[in-house]
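Asker: predicted model and sequence follow; I will ask about them next.
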Amino acid sequence: MIRINHIGKALHPRHVFRISRASRPQVENVFFVLEQDGVLGYGEASPNSFFNENNLDVQMSLAGLADYFRRQTLSGAEDIGRIWSEIWERVSPSRACQCAVDLALWDLFAKLRGKTTAECALGGPVHDIATSATLGICPPQEWEERIAELAGFPAVKVKLDARVDTDLIEAIRARTPAAIRVDANGAWAGLDIEAISIRLRDLGVEFIEQPLLPSEDALMESLLRKSALPLFADESCAGLGDLERMPGRFSGFNIKLVKCGGITPALSMLREGRRLGLKVMVGCMLESSLLISAGAVVAQEADFADLDGSWLLRDDCFSGLEMVSGRLRLSSRPGLGVSPIFPSL
Ligand SMILES: [Mg+2]
C-alpha cells in the first residue's frame, strides 16, 4: 500500500523558500511525499501561472489522490507509468500535479530497489551535467555584479525583452568565455527577428528560445527558414502532444518536468524529439535540488541543460546534489539522491 505522507508548500513549518539571485522575491512550490513499507519518496512541483497552475490548486488535487494511493503498490517500474496515466482523470489539467506524483514515485521506487533513479530509469551510469545559468532582465548598473556571479558556468542564458539590448550580450562576451543563449520569452512580436538573429549570431550567441508567444506559432515556419540561429520552443512545447508541431517551426525544444508532468513523460519527449530530428534541452523553473536532480536524470540524454533553479535559491531545502563550476553532479545515494534539510529548532 502507498500512503500520502505529506502535501504542502514546505516540508517543515520552519522551511523557507527564498530566492537570492532571481528577480522574483519568493516562489511557492509544492512538496509531496509518498510512503511504502516505511520508505519515503519525495516529489515537487513548481506551478507556473503561464500554464494556469498555482500552489493551492495543486495541493488540493494531490490531496484528492489519498484513496487512490491506498489501493496502489509499487512492485515494478511499469507501475510508475500506469499510475501516471491513471491519475490524469483525477488531476487534469494539472501537469504540475502529475509532476509531483511522478517524482515521488521514481524516488520511492528506486529507494525500494536500493538504486539511483537514474539507474532505474536509464539503466546506465550517469555523468555530470553542464548547465547554463540565467541572467534575468536587469538595469545596466547591475550588469557588472550579475555577470560576476556567473563566473565558472560553461553557458549563460540571457533573457532579452523587446528592447533586445545587445549591449548586455557584448558585456557578457567581454567578461566570460561561456556559451551564450538568448531567451526572448515570447516578447519579440513585430520585431525584425531575422536581423536580430544575424546580430546575435555575430556576437557568438548559440541559439534563441521562444521569440514569439505560442499564439503566434503559425509565423514560426517562415521565421525558422530566415533565422541565422537555431530557434528553440519553450512555452510552445509543453508536453508530448505538442511535439508533432515542432519540426519545421523550431530547431529544438525545452523540456521542463513541471510542464510535461515529470520524468516519465520527459523521457518519452526526449526520445520522440530525437526521432523527429529535434535538439533537446532540459530546463527548469525555480526549483529545489529535488526537482533539479530529476531534471539532471533526464538531461543525461539531452543536448543542453538549463538547470540552475536550485542555484538561484537562497534556501534550498534539499541536500545531496552538487554544483561544481556550473556542472551538476548527481548523488550516488538511492532514489533521486537528495535528502530534506530540516532546520534545527
Ligand atoms: Mg524559456
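Answerer: Structure's in. What do you need?
Asker: for the residue of the stretch 151-300 of the chain found nearest the ion, give me its contacts.
Answerer: Using C-beta to the ion, the closest approach of the stretch 151-300 of the chain to the ion is made by Asp234 at 3.6 Å. Just so you know, the C-beta spots here come from the backbone N, C-alpha and C atoms, and that holds for glycine as well. By C-beta atoms under 8 Å, 6 or more residues apart in numbering, the contact set of Asp234 is 183, 185, 209-210, 253-254, 256, 283.
Asker: now do it, the pLDDT please.
Answerer: As summarised for this prediction, Asp234 has a pLDDT of 97.
Asker: tell me the spacing between the residue in the stretch 1-150 of the chain that the ion sits nearest to and Ile147.
Answerer: Among all residues of the stretch 1-150 of the chain, Thr134 sits closest to the ion, at 9.0 Å; criterion: C-beta to the ion. Thr134 sits 12 Å away from Ile147, going by C-beta to C-beta, to the nearest Å.
Asker: looking at those two, which is more packed in?
Answerer: Taking neighbours as other C-beta atoms under 10 Å, Thr134 and Ile147 compare with Thr134 leading, 24 against 20.
Asker: in three-state terms, how would that one be classified?
Answerer: With DSSP: H, G, I helix; E, B strand; the rest coil as the basis, Thr134 sits in strand.
Asker: bridging residues for it?
Answerer: Lys157 (DSSP bridges).
Asker: got a list of what it touches?
Answerer: 22, 156-159, 183, 306, 308, 312.
Asker: do Pro211 as well
Answerer: 184, 186, 188, 193, 223, 231.
Asker: model confidence for the nearest residue to the third one once chain neighbours are set aside, exactly?
Answerer: Right, Trp188. Nearest residue to Trp188, sequence neighbours excluded (C-beta to C-beta, 6 or more residues apart in numbering): Pro211, at 4.5 Å. Looking at Pro211, its pLDDT stands at 98.
Asker: going forward, the N-terminal residue is numbered 154.
Answerer: Yes, from this point I'll number from 154; that puts the last item at Pro364.
Asker: and the contacts of Pro364, which are buried?
Answerer: The neighbour-count test (16 or more other C-beta atoms under 10 Å) marks 337, 339, 341, 346, 376, 384 as buried among the contacts of Pro364.
Asker: state the phi and psi torsions of the second one.
Answerer: Going back to what we said before, that points to Gly339. phi 70, psi 20 (degrees, to the nearest 10).
Asker: number of nearby residues for the residue nearest to it when sequence neighbours are not counted?
Answerer: Among residues not flanking Gly339 along the chain, Leu366 sits closest, at 3.8 Å (C-beta to C-beta, 6+ apart). By other C-beta under 10 Å, 15 other residues sit near Leu366.
Asker: surely Pro400 meets Leu431?
Answerer: Yes - between Pro400 and Leu431 there is a contact at 6.6 Å, judged by C-beta atoms under 8 Å.
Asker: between these two, who's got more neighbours?
Answerer: Counting neighbours by other C-beta under 10 Å for Pro400 and for Leu431 shows that Leu431 has the greater number, 21 against 13.
Asker: how about the contacts made by that one?
Answerer: Counting by C-beta under 8 Å, 6+ apart, Leu431 makes contact with 396, 399-400, 403-406.
Asker: how about 7 Å then?
Answerer: By C-beta atoms under 7 Å, 6 or more residues apart in numbering, the contact set of Leu431 is 399-400, 404-406.
Asker: which phi and psi does it have?
Answerer: Torsion angles at Leu431 (phi, psi; degrees, to the nearest 10) stand at phi -100, psi 150.
Asker: show the pLDDT at it.
Answerer: 98.
Asker: can you pick the most crowded of the contacts of Leu431?
Answerer: Ranked by neighbour count (other C-beta under 10 Å), those have Phe406 at the top, with 27 neighbours.
Asker: and what about that one, helix, strand or coil?
Answerer: With three-state DSSP as the basis, Phe406 sits in strand.
Asker: would you check that it makes contact with Phe385?
Answerer: Yes - contact criterion C-beta atoms under 7 Å: Phe406 and Phe385 qualify, at 6.2 Å.
Asker: near the ion, which residues of the stretch 304-453 of the chain? Just list them.
Answerer: Counting by C-beta under 5 Å from the ion, the positions of the stretch 304-453 of the chain adjacent to the ion are 336, 362, 387.
Asker: if you set the cut-off to 8 Å instead, what comes out?
Answerer: By C-beta under 8 Å from the ion, the residues of the stretch 304-453 of the chain that approach the ion are 310, 336, 338, 362-363, 387-388, 407, 436.
Asker: and these, which two are furthest apart?
Answerer: Within those, two members stand farthest from each other by C-beta to C-beta: Lys310 and Glu388, at 14.8 Å.
Asker: of the two, which one has the most company?
Answerer: More crowded of Lys310 and Glu388, by other C-beta under 10 Å: Lys310, with 26 against 21.
Asker: bridging residues for Ile408?
Answerer: Going by DSSP bridges, Ile408 forms beta bridges with Val435.
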